[in-house]
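Trainee: How does the following fold in three dimensions:
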Amino acid sequence: MGDMLRHTLDASGVDYSPSTRAPLPTTLAFVRLVGGQARYTFYDENSAGRMLTENDLPTLGDDVSAVLFGCISLIAEPCGSVYEALMVREAPRRVMFLDPNIREIFIPDRQKHLARMRRMIALADIVKLSDEDLAWFAEPGEEHEVIGRWLARGRSSSWSPAALTALMPGPLIFICMCPLFA
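Mentor: Take a look at the predicted model:
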């Protein structure tokens, strides 16, 4: 399956050269809609992505200006710890983008994942949050108060796509989302 993915990336002109190849299976995901909401099933045990180690991490060149972290890759071990270590290593030099995209059903230890998310939020330049993500953190206060506390502990900016609200140190910026296509 990894060969099929690489072929598709090649056909799309994607440079995946920093990626590690491992003689392990590829994660398999199934998505189905139930009442208009996506439901996911993942087969990820001992997969190449899940079993990533710090020795597998590439040295990033100067042409890499930002790194995106997100979702289930931050839950499982050892890859969750490895991606967090990558963020710690690269945060001083690059823009760090975090999309927690919380999938509660995959989180076996809420407190452990909550601690990781808080550490990574403190390092992130941009945090993309849905209303559901923010609710999962279960912090007291209005959205802007919660994110304001995070900004006070962290780096530079955060947003929630409720309508696209950008929260940064300083004034609140609110931009109405408009559909691009009718």
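
Trainee: Name the nearest residue to R6, sequence neighbours excluded.
Mentor: Y16 (6.8 Å; CB to CB, 6 or more residues apart in numbering). Backbone N, C-alpha and C define where each C-beta goes, glycine included.

Trainee: For the helix ranked longest in the chain, the averaged confidence score.
Mentor: The single longest helix within the chain, with elements called by DSSP state H, is helix 110-123. Mean pLDDT, computed over helix 110-123, is 93.

Trainee: Could you tell me how far the residue nearest to R6 is located from G148?
Mentor: With distances taken as CB to CB, to the nearest Å, Y16 is found 38 Å from G148.

Trainee: The two: which is more packed in?
Mentor: G148 (16 against 11; other CB atoms under 10 Å).

Trainee: So which residues of this protein form strands?
Mentor: 28-34, 37-43, 66-70, 95-99, 126-127, 158-160, 165-167, 172-174 (DSSP state E).

Trainee: between those, which one is nearest to A138?
Mentor: Closest to A138 of the strands of the chain is strand 158-160 (CB to CB; 15.6 Å).

Trainee: residues contacting N101?
Mentor: Going by CB atoms under 8 Å, 6 or more residues apart in numbering, N101 touches G70, C71, K128, S130, D133.

Trainee: ok, it to R93 distance?
Mentor: Taken as CB to CB, the span from N101 to R93 is 25 Å.

Trainee: pLDDT below threshold where in this protein?
Mentor: For the chain, the stretches flagged by pLDDT under 70 are 153-182.

Trainee: Show me the residue sitting in the middle of it in space.
Mentor: Centroid check for the chain by CA atoms, centre = their mean gives G70 as the closest residue, at 1.4 Å.

Trainee: Could you check how far the closest residue in space to R32 that isn't next to it in sequence is from L24?
Mentor: Leaving aside its chain neighbours, R32 sits nearest to R39 (5.3 Å; criterion: CB to CB, 6+ apart). According to CB to CB, R39 stands 26 Å off from L24.

Trainee: ok, the two, which is more surrounded?
Mentor: L24 (14 against 11).

Trainee: roughly how far apart are the more buried one and A48?
Mentor: 4 Å.

Trainee: now D131
Mentor: With CB to CB as the criterion, D131 and A48 are 33 Å apart.

Trainee: ditto for R110
Mentor: From R110 to A48 the distance is 27 Å (CB to CB).

Trainee: for T41, same thing?
Mentor: Going from T41 to A48 by CB to CB gives 19 Å.

Trainee: try C71
Mentor: Counting by CB to CB, the separation of C71 from A48 is 17 Å.

Trainee: between the two, who's got more neighbours?
Mentor: A48 (20 against 13).

Trainee: Now do the contacts for the more buried one.
Mentor: Contacts of A48 by CB under 8 Å, 6+ apart are G2, T20, R21, A22, L24, P25, T26, T27.
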